[in-house]
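Asker: dropping the sequence and predicted coords here.
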Amino acid sequence: MAGKRRTAERAVPRKSAATVFKSIDQVLRKPGSGCGNALQYMEQSNWMLFLRYLDAAEANRRSEAELNDEPYEPLLPKGLAWSDWAWPTKADGSLDTERMLKGDALLLFIQSQLFPGLRALRDSAAIDSPAYRVGAIFSELTCSFTDGYLIREVIDLIQPLVFETEAARHELSVLYEERLQAMGNAGRDGGQYYTPRPLIKVMVRVLAPTLGETIYDGACGSGGFLCEAFEYLQEKTRDGGAEAYDILQHKTFFGCEEKALPYVTAQMNCILHGLRSPNIEKVDTLSKRIADFTDRDRVDIILANPPFGAATSSNVAANFTIKTGETALLFMEHFIAKLKTGGRAAIVIKNTFLSNGDSASVAIRKLLLDTCRLHWVLDLPPKVFAAGVRTVVLFFSKDGPTQAPIHYYQLNLPAGVSLGKTRPLREEDLAEFEALATAAGDPPASPNAWTLDPATLDPETCDLSVRNPNIHEERPPSASECLTRLRDLHAEMDKLLNEGFYL
């Protein structure tokens, strides 16, 4: 077999990053990679990209230690760094082909030494150290390859990638986002991890975070909200010097993610965007009792798109005051409890949350209106998300109750425009909403916008349904209206029966 396959005998020629990413996916489509879809392509390329990045960043770690007159210790144990096993070099910097692993030897090393050695860092390193983070990441990963020569092909493609400059990382981050979008379009399982970036950018700009505020996403998926908020603040604080840099890198961004693939993807995504050590926990957010939150646990800003339609266990539901198995509703209570007084949030949620008549939905709506000021409800068209679920974005601040008019905006695309894979949501689609939501004073008139006086809400249901008074067309009744009509019909039937009316 070895004679039929060629491995690198000299430095791999430089290709564009876009070409590299396409070539990696082509390799991962071959038998022997253990991959069958875009989600698996992402997972298997992620762990190699991550180790390649760590190797590229090691020179900076060494330089920083020398500048600070501190002892330098490599991040990874000897033999586990990328330059030790994937791309060993001679003294002159050329590839050492004699030490370079390939084929079965490479596969055996990864399975028996590399992954076990990296996972062990979770037990041996300090819990707040970069080494612990590496251990935590690799504790959630597996190598699916059964062919070591395919691994060598991917290594040869990844090696020339440049991570050392901001421009290079920006190029890689753009391409990585494209891969994330492809993962989001891969089907039901992928769509839950990807929120369209134009929507995230607008949500961030409407909330307008400032340096020193803490930003949290308790369902961070691939890390899009943290990345975009970081880029927004980084641009705003470019002249802030070392202190601003330290605040952004270590004291601003926090997240939680339960599932292994998005957890690792979020780490890599943040790194490529320049957030070198994201504070992302691998944990079920809903496992945290909201009654245990203290001021130290609360945050200034929440940006999130919690999972839709999932159910959770009774043990998890016991951590909340409102009893339900619907995770999106539990996340809403979590977010409200997690906000500091005066904090603000932008949350994506199914539009049925506004009108559902079940006791939990009603209770969460009442909690939101009693404890927070609901500023805007952004109603999004179908197919903003790959799954096609109708959603809204709730913009609110924890300085309630809601007494001022609630502003609504219904995103109506031009006639003939339908969202989908070939025509995704764009920032310009949301330009009018952003202008209205960030305007000083009352927003100007628009046929897509209106207000709702909270004093007119039914106190029993707090129905917040989207009903654009500027569009005169027959609309389907809301869930609460249907429930009221059913009750009226049952009352009429009971009356007829009591009066002796029989068919």
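Answerer: Alright, I've got the coordinates.

Asker: now the stretch 301-450 of the chain, which segments are flagged as low pLDDT?
Answerer: For the stretch 301-450 of the chain, the stretches with pLDDT under 70 are 309-311.

Asker: how about the strands of it, start to end?
Answerer: 339-350, 373-379, 391-397, 406-410, 449-452 (DSSP state E, counting those that start in this stretch).

Asker: just send the ones you listed back as JSON lines, with mean neighbour count and distance to Ala125 too.
Answerer: Any C-beta I mention is one placed from the backbone N, CA and C, and that applies to glycine too. Converted to JSON lines, the strands of the stretch 301-450 of the chain look like this (neighbours: other CB atoms under 10 Å; distance: least, CB to CB, whole Å):
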{"stretch": "strand 339-350", "mean neighbour count": "20", "distance to Ala125": "31"}
{"stretch": "strand 373-379", "mean neighbour count": "21", "distance to Ala125": "43"}
{"stretch": "strand 391-397", "mean neighbour count": "22", "distance to Ala125": "39"}
{"stretch": "strand 406-410", "mean neighbour count": "22", "distance to Ala125": "48"}
{"stretch": "strand 449-452", "mean neighbour count": "18", "distance to Ala125": "52"}
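
Asker: between those strands, which gets nearest to Gln40?
Answerer: Across these, Gln40 has its closest neighbour in strand 339-350 (26.2 Å, CB to CB).

Asker: who are the packing partners of that closest one?
Answerer: Counting contacts by 3 or more CB pairs under 8 Å, 6 or more residues apart in numbering; DSSP states H and E, strand 339-350 packs against helix 197-207, strand 299-304, helix 327-338, strand 391-397.

Asker: mind putting those in JSON lines, distance to Phe21 included?
Answerer: Shown next, in JSON lines, are these (distance: least, CB to CB, whole Å):
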{"stretch": "helix 197-207", "distance to Phe21": "17"}
{"stretch": "strand 299-304", "distance to Phe21": "27"}
{"stretch": "helix 327-338", "distance to Phe21": "33"}
{"stretch": "strand 391-397", "distance to Phe21": "29"}
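
Asker: before we move on, the earlier item: tabulate the strands of the stretch 301-450 of the chain (JSON lines), appending distance to Arg485.
Answerer: Formatted as JSON lines, the strands of the stretch 301-450 of the chain follow (distance: least, CB to CB, whole Å):
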{"stretch": "strand 339-350", "distance to Arg485": "23"}
{"stretch": "strand 373-379", "distance to Arg485": "24"}
{"stretch": "strand 391-397", "distance to Arg485": "24"}
{"stretch": "strand 406-410", "distance to Arg485": "24"}
{"stretch": "strand 449-452", "distance to Arg485": "22"}
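
Asker: and the next element down the chain from the lengthiest helix in the chain?
Answerer: In the chain, assigned by DSSP state H, the helix with the most residues is helix 38-67. Remark: after helix 38-67, the chain's next helix or strand is helix 82-85, criterion DSSP states H and E.

Asker: average pLDDT for that following helix, rounded please.
Answerer: Across helix 82-85, the average pLDDT comes to 95.

Asker: and the angle for the host helix or strand of Lys22 with helix 38-67?
Answerer: Using DSSP H and E, the element containing Lys22 is helix 17-28. Orientation check (axes from the mean of the first three to the mean of the last three CA atoms, to 10 degrees): helix 17-28 against helix 38-67 gives 130 degrees.

Asker: send the alpha carbons of helix 17-28 over as PDB?
Answerer: Written as PDB, here are the backbone C-alpha positions of helix 17-28 (Å, rounded to 0.1, in the frame of the first residue of the first chain):
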ATOM      1  CA  ALA A  17      -7.100  28.800   2.200                       C
ATOM      2  CA  ALA A  18     -10.300  28.400   0.200                       C
ATOM      3  CA  THR A  19      -8.600  25.700  -2.000                       C
ATOM      4  CA  VAL A  20      -7.300  24.000   1.100                       C
ATOM      5  CA  PHE A  21     -10.700  23.800   2.800                       C
ATOM      6  CA  LYS A  22     -12.300  22.400  -0.400                       C
ATOM      7  CA  SER A  23      -9.500  19.900  -0.700                       C
ATOM      8  CA  ILE A  24      -9.900  18.800   2.900                       C
ATOM      9  CA  ASP A  25     -13.600  18.000   2.400                       C
ATOM     10  CA  GLN A  26     -12.700  16.000  -0.800                       C
ATOM     11  CA  VAL A  27     -10.300  13.900   1.200                       C
ATOM     12  CA  LEU A  28     -12.900  13.400   4.000                       C
END
